[in-house]
Structure formats: C-alpha cells, structure tokens
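Q: need coordinates for the below:
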Amino acid sequence: MDDILNNKCDLLFDFYELAMANGFLKTGIDETVAWFDMFYRPAKEIGGFCVMAGVRQFAEYIKNLSFSEDDLSFLKSKGMDDAFIDYLRNFRFSCDIWAVEEGTPIFANEPVVKVRGPVIQALLLETVILLSVNHQSLIATKANRIVRAAAGREIIEIGSRRAHGINAALNGARSAYIGGTRATTSVAAAKIFDIPVFASMSHSWVQMFDSEYEAFCAYARAYPDNCVLLIDTYDTMGEGIVNAIKAFDDVLAPMNKRPRGVRIDSGDLAYLSKKIRRALNDAGYPDCNIYASNSLDEYIIRDMLQNGARVDSFLVGERLITSASSPVMGGVYKLSAIEKDGKIIPKIKISENVAKITTPYPKLLWRLFDNETGKAIADVITMEDEDLSNAKTYELFDPDYTWKRKTVSEFVARQLLVKIFENGELVYKFPRTDKIRSYCAEQIDTLWEEVLRFEYPHNYYVDLSQKLWNEKQKLIDSFLSR
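A: You can find the predicted model right below:
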C-alpha cells in the first residue's frame with residue numbers, strides 16, 4: 001500500500017530544502033532543534049473553513065523515508081557535498097510531529113501541523129507535509145460542501161478519470177469519503193481504504209445492444225439486486241424511462257426483485273427528475289431512486305433542489321476530485337522557534353504584507369465548545385505552557401482589533417494538536433476511514449450555520465492568548481525599532 005500511496009519516491013523535496021540542509025551541515029548548525037508550523041492562509045474561494053486531511057499520507061511517507069545509493073548518486077551529481085551525502089546515507093528520522101486529526105474543521109492561520117526536531121530533518125518535511133495536507137484537505141472540504149448542499153441526499157464520488165494523476169485519484173477518493181461522500185467508483189481506492197464502491201452502467205452498454213430495451217433487460221438479468229439503468233442515451237422521457245419501466249416489469253418483477261434506480265446524465269436534470277419521479281410512481285416504483293450526474297458541484301446541486309428536483313443521489317466527479325472552484329489551498333510551513341542552550345528562541349517573519357506576518361513560539365491550539373449547545377465558540381492559539389482545559393472563564397479578543405473583547409464561561413476547551421511522531425517513531429494509530437468520516441460529520445455539526453455558509457460565511461474567531469499576543473508584539477516592535 002505504501003508504494004501505491006507514495007509512488008516510492010524518496011526525493012520528494014523541493015531542491016532548495018536540500019540546498020539549505022547541505023548548507024546547515026556545512027555551517028555546523030545541522031543539529032539545532034527547530035520548530036515549524038503548517039497553517040493555511042484564507043481564500044474566499046475555499047470558504048470559511050477547511051476539513052483536515054492528508055495526515056495519513058505524510059505519515060506513511062515519513063515513516064518509510066530513506067535514501068538509496070541511486071538517490072545519493074543523483075544528489076551528488078547536483079552538487080551536494082560528500083559530508084551531506086554521508087548524512088543522508090545514515091539518515092535516521094528523529095522529529096516529533098503533532099497534527100490536527102483528520103476530519104476536523106480547521107481555520108485559517110492556526111497551526112494544524114507542528115514539527116520539532118533537528119533543523120535539517122524538520123526542513124526536509126516541508127514539501128511532503130504541504131502537498132499532502134493542502135491537496136487532501138482541499139478535496140475533503142469540497143466534498144463536505146457538496147454533501148451539505150445535497151441536504152441528506154447521498155453523494156457518490158466518480159472523479160478518477162478526471163483526477164490529476166493516480167495518487168490524486170486514490171487519495172482524493174479517500175478525502176472525499178472523509179468529507180462525507182457515501183461511496184466511490186474507484187475500485188483501487190475502495191480496496192485500499194475500505195470505502196463502499198458503486199457501480200452503474202455507461203452509455204456504451206446501451207449502445208452495444210440492438211435496442212435500448214434489450215440492453216436494459218440484459219443488465220437487469222445480470223444485476224437483479226443492484227439494477228441502476230442509465231436512461232438518457234437516446235431520449236430520456238420518450239423512450240428511456242418507458243424502456244426502463246418495461247424492463248423492470250418484464251425482468252425484475254417475475255423474479256420478485258425491485259429496481260435500485262435510474263440515472264440521468266444530460267439535459268435539464270431538475271426538470272427531468274420531476275417527470276421521471278411521476279412516471280416511476282405511476283408505474284408502481286416509488287422506491288426506485290433517481291441518480292443524477294453531469295459536471296455537478298455544490299452550487300448546481302443547491303439550485304436543482306431549490307427548483308424542486310426529485311433526485312435521490314448525485315454522482316459528482318471532475319469538480320469534486322479537482323476542487324474546481326478552488327484548486328489551490330494556500331498552506332505554508334514556517335519556522336516559529338529554535339532551541340539554544342535549553343531555551344526557546346522565538347522566530348518571526350516580518351512582511352510588508354501584514355497578512356504574512358507569522359506567529360512565533362511553539363504553540364497549542366484549543367477549541368472552546370459551549371456546554372449547553374455543544375457548538376464551537378472560538379479557537380485559541382496559546383503558548384505551550386498555557387492550559388485551558390480547566391479554565392472556568394476566558395477572555396477572547398480579536399488579535400487585529402484588540403479592543404473587541406468577550407469573556408466566555410460554561411465551556412469546555414479541547415486541545416486539537418495530537419502527537420503523530422515521537423522521536424521519529426509513529427505513535428498515532430489512524431482510525432478506519434469510516435470512523436474518520438463519522439467524526440468529520442460530528443465536528444461539522446458543532447459549527448453554527450452562519451459559519452457553514454458558502455457565500456460570505458461568518459468570521460469564526462481564531463484568537464491568540466494575551467500572553468502569546470504580547471510576545472508576538474514584542475518581537476514586531478523590536479524589529480521595527482532597529
């Protein structure tokens with residue numbers, strides 16, 4: 001499975017990371033302990049939050065990270081020093097890594113992965129962490145938006161043929177399932193990740209027979225317990241639904257079987273679904289589901305349902321597996337501190353673009369839940385020595401507009417960062433994918449409807465503790481006064 005997930009590529013680095021690592025070794029600071037955070041920057045196209053995913057992918061990669069002689073020969077040919085080649089030859093991973101668990105809603109600018117370890121090792125993790133979390137969280141988020149738009153109707157992921165490569169198809173199917181889809185059409189993803197698999201005929205099945213009716217009868221005989229007929233190959237209402245009902249009557253009824261559904265893949269899906277529903281009900285098949293496909297996304301599905309569409313299941317492909325409306329998640333990986341003589345030395349990036357100023361120090365990420373409603377009140381980023389787990393009251397304040405303050409009580413604080421690696425050893429046991437999916441649905445339900453809006457969502461509060469804000473401001477002031 002690891003080979004499938006990772007394509008067995010142990011040089012999954014941007015070259016500047018290797019060049020910097022080589023330089024750190026030459027300057028003698030290679031064993032300096034560094035702290036890095038991964039977080040993402042806000043983007044209107046993504047929405048008010050994302051769904052965390054991709055942790056398993058980077059963990060599998062890191063767990064098996066090593067360098068072959070062929071890898072080392074290649075790096076030597078690109079100018080890496082002999083001492084660095086020897087370092088990689090004897091490489092032993094020893095970092096600590098914390099991450100927000102997959103399926104958790106996450107918000108912009110909060111640390112969702114935290115790394116501590118020798119600076120060379122921590123630096124070399126940047127690409128794999130970012131590509132895993134950025135891509136998989138993007139797909140899980142898009143899937144969750146589509147699932148919410150369907151308002152209880154099932155979503156089936158059918159995107160493999162339009163995915164950006166094999167890994168994108170496989171890991172994308174897993175992430176979509178975490179986000180709430182019911183099944184995938186990808187056999188490999190179903191096998192690897194234990195996801196329910198869905199099958200239906202394509203137009204070529206119908207075209208292979210002399211008549212549509214004959215094609216439907218043949219399929220019904222082949223799959224009497226799972227018969228979903230595609231009825232738009234020629235004429236959806238003129239012949240398609242008529243032939244489908246006749247096949248149900250002539251083949252399934254004598255076997256005492258009920259059809260599972262009919263599918264439409266073209267035309268005005270909302271309008272056709274209403275006419276198809278009436279035809280099926282009149283024919284005695286009110287339990288026959290209607291499946292719809294054809295470049296769907298959350299906006300189209302929402303509009304269809306607002307127009308009274310009678311669709312029971314939506315098959316969503318290209319716009320899900322590529323996250324077409326927001327194909328990039330702006331996750332970044334930034335140094336937050338180093339350790340020197342047993343002390344934490346904070347590090348900050350100052351930028352003329354205020355949004356790019358980083359938050360220094362090793363940090364914890366807390367989510368406050370209201371005791372009465374169970375809803376999330378806010379997230380708070382604190383120093384590592386701050387413990388909110390037993391707090392009775394807490395004063396929240398906007399880190400940008402600091403006069404905006406609110407004291408909350410009757411809440412429970414939950415720490416979101418959990419340890420994945422300890423001293424280089426994988427210590428986290430990943431739940432089954434269906435468990436992550438259920439957990440995701442539970443956590444989405446803790447968010448207020450205003451936060452869940454597709455357009456202009458409410459700004460969920462991600463605050464800094466007063467102590468962390470003060471330390472950050474001290475660093476900013478010290479740089480500005482130079």
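Q: helices along the stretch 351-482 of the chain, start to end?
A: Taking DSSP state H, counting those that start in this stretch as the test, the helices found in the stretch 351-482 of the chain are 433-444, 449-452, 466-480.
Q: let's see the shortest one as PDB, backbone CA atoms only.
A: Read that as helix 449-452. Extracted as PDB, the C-alpha positions of helix 449-452 are listed here (Å, rounded to 0.1, in the frame of the first residue of the first chain):
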ATOM      1  CA  GLU A 449     -25.000  27.600  10.300                       C
ATOM      2  CA  GLU A 450     -23.600  31.100   9.700                       C
ATOM      3  CA  VAL A 451     -20.000  29.600   9.600                       C
ATOM      4  CA  LEU A 452     -21.200  27.000   7.100                       C
END
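Q: could you give the separation of that helix from the chain centroid?
A: 19 Å (C-alpha atoms, centre = their mean, to the nearest Å).
Q: can you check stretch 122-133 too?
A: On C-alpha atoms, centre = their mean, the centre of stretch 122-133 falls 16 Å from the chain's centre.
Q: swap in stretch 297-314?
A: 23 Å.
Q: residues contacting the top strand by length along the chain, please?
A: Across the chain, the strand with the greatest residue count (assigned by DSSP state E) is strand 331-340. Strand 331-340 is contacted by residues 32-41, 111, 113, 119, 125-126, 129-130, 133-134, 137, 344-347, 349, 358-363 when judged by C-beta atoms under 8 Å, 6 or more residues apart in numbering. All C-beta spots, glycine's among them, are computed from the backbone N, C-alpha and C.
Q: cool, and stretch 159-170?
A: 4-7, 135, 172-173, 176, 184-186, 188-189, 192-193, 316-318, 320-322.
Q: how about the residue nearest the centre of the chain, secondary structure?
A: Residue closest to the mean C-alpha point of the chain, counted by C-alpha atoms, centre = their mean, is residue 137 at 2.3 Å. Under DSSP: H, G, I helix; E, B strand; the rest coil, residue 137 falls in the helix class.
Q: hang on, the earlier thing: which among the contacts of strand 331-340 end up buried?
A: 32-40, 111, 113, 119, 125-126, 129-130, 133-134, 137, 344, 346-347, 358-363 (16 or more other C-beta atoms under 10 Å).
Q: among the residues you listed, which lie within strands?
A: Using DSSP E, these in strands are 33, 34, 35, 36, 37, 38, 39, 40, 113, 344, 346, 363.
Q: who is the closest residue to the first one other than its chain neighbours paired with across the strands?
A: What it means is residue 33. Excluding its sequence neighbours, the residue lying closest to residue 33 (C-beta to C-beta, 6 or more residues apart in numbering) is residue 339, at 4.0 Å. Beta bridges link residue 339 to residue 344 when assigned by DSSP bridges.
Q: quick revisit: deepest in the core, which of the helices of the stretch 351-482 of the chain is it.
A: When the helices of the stretch 351-482 of the chain are scored by mean count of other C-beta atoms under 10 Å, the highest mean neighbour count falls to helix 433-444 (a mean of 18).
Q: how close does residue 302 get to residue 314?
A: With the distance defined as C-beta to C-beta, to the nearest Å, residue 302 ends up 11 Å from residue 314.
Q: if we can go back for a sec, what number of neighbouring residues does the residue nearest to residue 33 come out with?
A: 15 (other C-beta atoms under 10 Å).
Q: same check, this time on residue 139
A: Residues near residue 139, counting by other C-beta under 10 Å: 31.
Q: could you do residue 280 as well?
A: Neighbour count for residue 280, taken as other C-beta under 10 Å: 23.
Q: where's the residue lying closest to it once chain neighbours are set aside relative to residue 430, distance?
A: The spatial neighbour of residue 280 that comes closest, neighbours along the chain excluded (C-beta to C-beta, 6+ apart), is residue 288 at 4.9 Å. Separation of residue 288 from residue 430 (C-beta to C-beta) stands at 38 Å.
Q: so these two - more neighbours on which side?
A: Taking neighbours as other C-beta under 10 Å, residue 288 and residue 430 compare with residue 288 leading, 24 against 15.
Q: now that one: how far from residue 276?
A: For residue 288 relative to residue 276 (C-beta to C-beta), the value is 9 Å.
Q: any shared contact partners between those two?
A: Shared contacts of residue 288 and residue 276 (C-beta under 8 Å, 6+ apart): residue 262.
Q: number of nearby residues for residue 431?
A: Residue 431, neighbours per other C-beta under 10 Å, totals 15.
Q: apologies, that question was intended for residue 186.
A: Residue 186, neighbours per other C-beta under 10 Å, totals 26.
Q: distance-wise, check it relative to residue 477.
A: Distance from residue 186 to residue 477, by C-beta to C-beta: 53 Å.
Q: for residue 353, phi and psi?
A: Note on residue 353: its backbone torsions stand at phi -90, psi 110 [degrees, to the nearest 10].
Q: so what pLDDT did it get?
A: On the pLDDT scale, residue 353 is placed at 84.
Q: the more surrounded of residue 302 and residue 314?
A: For residue 302 versus residue 314, neighbours defined as other C-beta under 10 Å are more numerous around residue 314 (29 against 17).
Q: so the more buried one: helix, strand or coil?
A: Of the three states, residue 314 takes strand under three-state DSSP.
Q: contacts only, for it.
A: 146, 150, 153, 154, 155, 156, 291, 292, 293, 296, 301.
Q: do residue 102 as well
A: 52, 53, 54, 55, 56, 140, 178, 430, 436, 440.
Q: how about a cut-off of 10 Å?
A: Counting by C-beta atoms under 10 Å, 6 or more residues apart in numbering, residue 102 makes contact with 51-57, 133, 136-137, 140, 174-175, 178, 430-431, 433, 436-437, 439-440.
Q: likewise for residue 199?
A: Residue 199 touches 183, 185, 187, 223, 226, 228, counting by C-beta under 10 Å, 6+ apart.
Q: just the ones of the residues you listed in strands?
A: Per DSSP E, these map to strands at 183, 228.
Q: and of the contacts of residue 199, the nearest to residue 243?
A: residue 228 (14.3 Å; C-beta to C-beta).
Q: neighbours of that closest one, just the number please.
A: Residue 228 - counted by other C-beta under 10 Å - has 22 other residues nearby.
Q: any idea how far it lies from residue 367?
A: 41 Å.
Q: do residue 54 as well
A: 20 Å.
Q: so how far is the helix or strand that contains residue 175 from its chain's centroid?
A: Secondary structure assigned from DSSP states H and E places residue 175 in helix 166-179. Centroid separation between helix 166-179 and its chain, computed with C-alpha atoms, centre = their mean, is 8 Å.
Q: same check on stretch 249-267?
A: The answer for stretch 249-267 is 35 Å, by C-alpha atoms, centre = their mean.
Q: in the stretch 151-300 of the chain, which spans are strands?
A: Secondary structure of the stretch 151-300 of the chain (DSSP state E, counting those that start in this stretch): strands located at 154-157, 183-184, 228-230, 261-264, 289-293.
Q: follow-up on the earlier one: any chance of the contacts of residue 314 in TSV with distance to residue 75 as columns?
A: Converted to TSV, those look like this (distance: C-beta to C-beta, whole Å):
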residue	distance to residue 75
146	42
150	48
153	52
154	48
155	44
156	44
291	51
292	51
293	47
296	45
301	48
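Q: and the two most separated of these?
A: Distances among the contacts of residue 314 were taken as C-beta to C-beta; the most separated pair is 146 and 291, at 14.8 Å.
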